[in-house]
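S.K.: Quick one, fold the following:
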Amino acid sequence: MGKYFFCSLVFKINAMKLKIALLFLIWSYTFGFGQNKTYDLLEAHTETKILYDRVYPVSKAHDLKTQQVSSAYFKQVYHEMQRADFLQRMPQLEFLRQQADQGFSENQIPLSLLINDFEVLRSDALNRNKMQLNSKNQLEFKDFSKDDLIRYSINLLAPILAKTKSNTPEFILKFSGKS
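M.R.: Okay, here's the model as predicted:
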């Protein structure tokens, strides 16, 4: 009886730890990697209407290493650009996933082309006292100059399907219809 009770108790404690870890992971992903509303008032100051600081820079799109662009890396860059866009002009990442699934079923490897200009805040803009946080925890410029934003261009072409079941795949590039 004692061994059964001890094993049952250990299992319940481990299950509880797993549930807490899972909840923490979901919470940190939702709030840590989500879109940041702190930068919403800066939209008027951007020329491209894409402010990369709005998202957590997992791909480091402003410092790309483009020798080898994998499907996963391309999707990460694309998703960050799509979320950082104030005007939401790019199709959702789900659209790329659907194209990849369709390509897999038709023995095709869809290619995706990403051509974007975006901006990043200068790292010293806060230190130079050019910005302030308002009562809604949003950044705003006290004295804006174009030098406070750094403009970058990104041009990537990559397959959005990591593998295929065919030995002779067909690469395709379709126009999404959005501009």
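S.K.: what's near enough to touch the spatially most central residue of the chain?
M.R.: Against the mean C-alpha coordinate of the chain, by Cα atoms, centre = their mean, the closest residue is residue 80 at 2.7 Å. By Cβ atoms under 8 Å, 6 or more residues apart in numbering, the residues touching residue 80 are 52, 55, 57-59, 61. The C-beta positions use only the backbone N, C-alpha and C, and glycine is treated the same way.
S.K.: Could you pull out the strands in this structure for me?
M.R.: For the chain, the strands defined by DSSP state E cover 108-121, 131-133, 139-141, 149-159, 170-172.
S.K.: Give the ranges of residues in the chain that sit below the confidence cut-off.
M.R.: For the chain, applying pLDDT under 70 flags the ranges 1-16, 18, 21-36, 66-67, 162-167, 169-170, 172, 175-179.
S.K.: All the helices of the protein, in order from the start?
M.R.: Using DSSP state H, the helices found in the chain span residues 2-32, 71-84, 93-105.
S.K.: The residue nearest to residue 121 when sequence neighbours are not counted: what's it in contact with?
M.R.: In this structure, residue 121 finds its nearest non-sequential neighbour in residue 53, 5.1 Å apart by Cβ to Cβ, 6 or more residues apart in numbering. Residues near residue 53 by Cβ under 8 Å, 6+ apart: 36, 39, 84, 120-121.
S.K.: Which one (most neighbours) among these?
M.R.: Greatest neighbour count in those, by other Cβ atoms under 10 Å, goes to residue 84: 25 neighbours.
S.K.: With distance to residue 71 added, can I get the strands of the chain in a markdown table?
M.R.: Putting the strands of the chain into a markdown table (distance: least, Cβ to Cβ, whole Å) gives the following:
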| stretch | distance to residue 71 |
| --- | --- |
| strand 108-121 | 9 |
| strand 131-133 | 37 |
| strand 139-141 | 34 |
| strand 149-159 | 6 |
| strand 170-172 | 13 |
